[in-house]
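*Asks:* Output the structure for:
(one chain, ligands or ions: 1)
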Amino acid sequence: MIRTIETLTEAGVLLRSLREGIDYSTATGRMLAGIFAALAAYERELMHERAAAARAAARARGKHTGRPAKLTPKPADLTFEQAATVAISGLTALQGLRDHGRIEPGQEVLVIGASGGVGSFAVQIAKALGARVTGVCSTNKVEMVRSIGADRVIDYSREDFARGEDRYDVILDVAGSSSLTRLRRILTPEGTLVLVGGEAGVRWLGVVARLLRARLLSPFVSQKLRTFLSSENHEDILVLRELIESGKVIPVIDWTYSLSEVPEAIRYLEEGHVRGKVAITV
Ligand SMILES: NC(=O)c1ccc[n+]([C@@H]2O[C@H](COP(=O)([O-])OP(=O)(O)OC[C@H]3O[C@@H](n4cnc5c(N)ncnc54)[C@H](OP(=O)(O)O)[C@@H]3O)[C@@H](O)[C@H]2O)c1
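*Replies:* I've put the predicted structure just below:
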């Protein structure tokens, strides 16, 4: 089984359960939710495999095949580690830009957090959809973001992307490092701001507060302020597969760790070195 670490919370849950086993009597709700979500996802995957086998058998017998599963064969040129990153980060980037940002060819798109898991997909997908893309990341990752197709890269440690004269038709904010006011200032009057992540460095309620503020404000301003939760669906996985097979999108894997190296992987994540995604092979 191959999984990528999607969030530090998820990584923490995995690490803690490996180190200490799972003590359900003292586990926090969040920790249990993480464990159960992982188990449920694994169970779902097994069920899909069984359902696919049953459908294949039904097809062979000439019977009705039912609803398609969320599984699709991985593109031949992709490693299993790369394929494992597509489901959440790739779908989030695709749905954020296409469904919520409604990007169109020729538009100016800003991806804040362009060097990370979601952002590295977003830069490539926005380019594939014909946009002109500006990516925001830290100094050490500028070259990587340029290499995946960004027309312009802003190093946030040297330049404040919200201060310039540039205006964007669509902003995909993955990093959550800026206030709504700052982001709206660099959005065109009819532009769309898509918040992917909550506000960085604030506690749970603070994260929700920014998303709520955007939702409440949106009907009263000319700009569109969107929040969303990505959804897994077969059609979108096929879209990503086509983008990957055509060479327009290449999942970026920074490093692959074995299960016993999970502590090291988490340290690497926490230190902010990761370009794209980190994968754990089990
Ligand atoms: N809505 C959904 O359905 C959905 C789905 C998946 C994920 N998410 C959320 O999306 C967020 C990010 O996910 P991810 O996996 O892409 O994270 P990630 O891999 O850690 O990437 C974070 C990005 O933010 C950048 N960044 C950090 N500080 C910044 C700053 N001060 N200014 C500008 N950019 C900054 C990082 O750049 P450097 O590394 O160069 O510093 C990096 O590119 C998380 O909050 C996650 O929960 C939401």
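
*Asks:* Quick check: residues of the stretch 151-282 of the chain near the ligand?
*Replies:* Proximity of the stretch 151-282 of the chain to the ligand (C-beta under 6 Å from any ligand atom) is limited to residues 156, 174-177, 196-198, 228-230, 272. Every residue, glycine included, has its C-beta placed from N, CA and C.

*Asks:* Of the residues you listed, grab the buried ones for ChimeraX.
*Replies:* A single ChimeraX command selects the buried members of those (16 or more other C-beta atoms under 10 Å):
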select :156,174,175,176,177,196,197,198,230
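
*Asks:* Looking at the residues of the stretch 151-282 of the chain next to the ligand, which are in strands?
*Replies:* Using DSSP state E, no member of those sits in strands.

*Asks:* JSON lines for the residues of the stretch 151-282 of the chain next to the ligand, including pLDDT?
*Replies:* As requested, those are arranged in JSON lines below (pLDDT from 0 to 100):
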{"residue": "Tyr156", "pLDDT": "97"}
{"residue": "Val174", "pLDDT": "96"}
{"residue": "Ala175", "pLDDT": "94"}
{"residue": "Gly176", "pLDDT": "91"}
{"residue": "Ser177", "pLDDT": "88"}
{"residue": "Val196", "pLDDT": "95"}
{"residue": "Gly197", "pLDDT": "82"}
{"residue": "Gly198", "pLDDT": "75"}
{"residue": "Phe228", "pLDDT": "94"}
{"residue": "Leu229", "pLDDT": "94"}
{"residue": "Ser230", "pLDDT": "95"}
{"residue": "Gly272", "pLDDT": "90"}
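
*Asks:* Please produce TSV containing the residues of the stretch 151-282 of the chain next to the ligand, extended by distance to Tyr168.
*Replies:* Below are those laid out as TSV (distance: C-beta to C-beta, whole Å):
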residue	distance to Tyr168
Tyr156	15
Val174	14
Ala175	15
Gly176	17
Ser177	16
Val196	15
Gly197	18
Gly198	21
Phe228	18
Leu229	23
Ser230	21
Gly272	25
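
*Asks:* The residue in the stretch 1-150 of the chain that the ligand sits nearest to: what's it in contact with?
*Replies:* Going by C-beta to the nearest ligand atom, the ligand is nearest to Gly116 of the stretch 1-150 of the chain, at 2.0 Å. Neighbour list for Gly116: 137, 174-175, 274, 276 [criterion: C-beta atoms under 8 Å, 6 or more residues apart in numbering].
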